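Q: sequence and computational prediction follow.
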Amino acid sequence: MEDRSLSREPSPGFSAAACAGSNIAFVKYWGVRKEPPGAGMPLNPSISMTLREAVTTTRVTFRPDSLPERDTLVLNERPGPPEALARVTRVLDEVRRRASLRAPARVMSSNNFPTSTGVASSASGFAALALAAAAAAGLPCAPQDLVDLALMGSGSACRSLYGGYVLWDASFGQEPEANPVRQIAAEDDWPLVDLVAVVSREAKKVPSSQGHLLAWTSPFLEARLSQARTAARIVEKAILDRDFETLCQAMEAEALSMHAVMMTSKPALLYWLPETVAVMQKVRSLREQGGVPCAFTIDAGPNVHVIALPEAAPEVRREIEALPGVEEVLFCTTGGGPRLLEADGPCD
């Protein structure tokens, strides 16, 4: 006979909605642990800035009387692909286990930014999902309570649980009781602008999940990890000191070292296009010859994030938009952490 004290069913329509911003990493991780403890966790710390204008809004509704008796996902007003639904269900299963719930969920999620533009929707998406699902199930919703849930969907999502500037410590998995994510500075402490130069909208042929494992085949991985750990300390201090010049040097060198690992893995990963290099060269020219405070960083793809001081952003944007092959320049600023919504309105 079933012990009903171990499970409870929410009333129909038991739901919550949340929104969360994406983030851009100033110090990135590339390569993950292959064996326990901490299998799948990054080999080095990472530091990111949460973005205000690139937001995912997600509603989670547990429906015990719904048919079919499985989770459903609507993503940008279309049925979510099977691989995305599988990741969402992994998060929801953990929520159900913690809350002793027995009910499928309907998840409706939308981004206010275009896809395949170099802005990571998985970070904002799973941060919003973790908060909305926890709230709908009546679980604690403080950022530190949501880290494990967000990580089940996307590594970078745990950084989007906080606003401003965020450090993810790579020691996670070795000491599970320790919170691996912390805020370095709030969004108002040092406003910066992220100008995303979109040079391609094509999906990556090799997803990051595969690339992380290929990192082990690069002869430069160990040197890169040492450099990234040092860069994390330098970048954290630069953020606290509002030292843009130091941030520029460390951020660009760190991104280039990560791509060196990609280019020397087996098989080699070359995400750059000629337009990628053109944007990088323009940014360096603006800074070194024109004294314009701006610097680049590049994720696993061809699009370039140009970080600038707010007063320089209009000039930088004009210069980047004028380059041949740049399809669009997205404008993002430093944003806050995720929040619950009282209604289905947008996350302003």
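A: Happy to help now that I have it.

Q: low-confidence ranges, the protein, go.
A: 1-13, 37, 66-68, 116, 170-179, 343-348 (pLDDT under 70).

Q: repeat that for 50
A: Filtered on pLDDT under 50, the chain yields the residue ranges 1-13, 172-173, 176, 344-346.

Q: quick check: longest strand of it.
A: Taking DSSP state E as the assignment, the strand of the chain that covers the most residues is strand 46-62.

Q: mind listing what's buried in the next helix or strand after it?
A: Counting by DSSP states H and E, the next helix or strand C-terminal to strand 46-62 is strand 72-75. Residues 72, 73, 75 are the ones in strand 72-75 that count as buried (16 or more other CB atoms under 10 Å). (Glycine included, C-beta is placed from N, CA and C.)

Q: still on that earlier bit, so what's the gap between the longest strand of the chain and the chain middle?
A: 8 Å (CA atoms, centre = their mean, to the nearest Å).

Q: quick one: list the elements packing against that strand.
A: Counting contacts by 3 or more CB pairs under 8 Å, 6 or more residues apart in numbering; DSSP states H and E, strand 46-62 packs against strand 14-27, strand 105-111, helix 121-136, strand 165-168, helix 221-241, strand 328-333.

Q: looking at these, which is closest to residue 208?
A: Among those, helix 121-136 comes nearest to residue 208, with 9.2 Å by CB to CB.

Q: what about the nearest residue to residue 268 once chain neighbours are set aside, helix or strand, and which?
A: Spatial nearest neighbour of residue 268, excluding adjacent residues (CB to CB, 6 or more residues apart in numbering): residue 262 at 7.4 Å. Per DSSP H and E, residue 262 falls inside helix 244-263.

Q: the residue nearest to residue 268 reaches residue 255, doesn't it?
A: No: using CB atoms under 8 Å, residue 262 makes no contact with residue 255, being 10.7 Å away.

Q: neighbours of the residue nearest to residue 268, how many?
A: Counted with other CB atoms under 10 Å, the neighbours of residue 262 add up to 21.

Q: need the contact list for it.
A: 30, 211, 214, 215, 218, 268, 269, 270, 271, 300 (CB atoms under 8 Å, 6 or more residues apart in numbering).

Q: and those residues, which are buried?
A: 30, 211, 214, 215, 218, 269, 271, 300.

Q: what does the next helix or strand after the helix holding residue 262 contact?
A: Counting by DSSP H and E, the next helix or strand C-terminal to helix 244-263 is helix 274-288. Outside helix 274-288, the residues that touch it by CB under 8 Å, 6+ apart are 197, 199-200, 248, 292-296, 298, 302-304, 306, 315-316, 319-320, 323-326.

Q: mind checking how far the residue nearest to residue 268 is from residue 213?
A: 12 Å (CB to CB, to the nearest Å).

Q: for residue 53, same thing?
A: 33 Å.

Q: just give the nearest non-adjacent residue to residue 74, would you?
A: In space, residue 74 is closest to residue 108, 4.6 Å off (CB to CB, 6+ apart).
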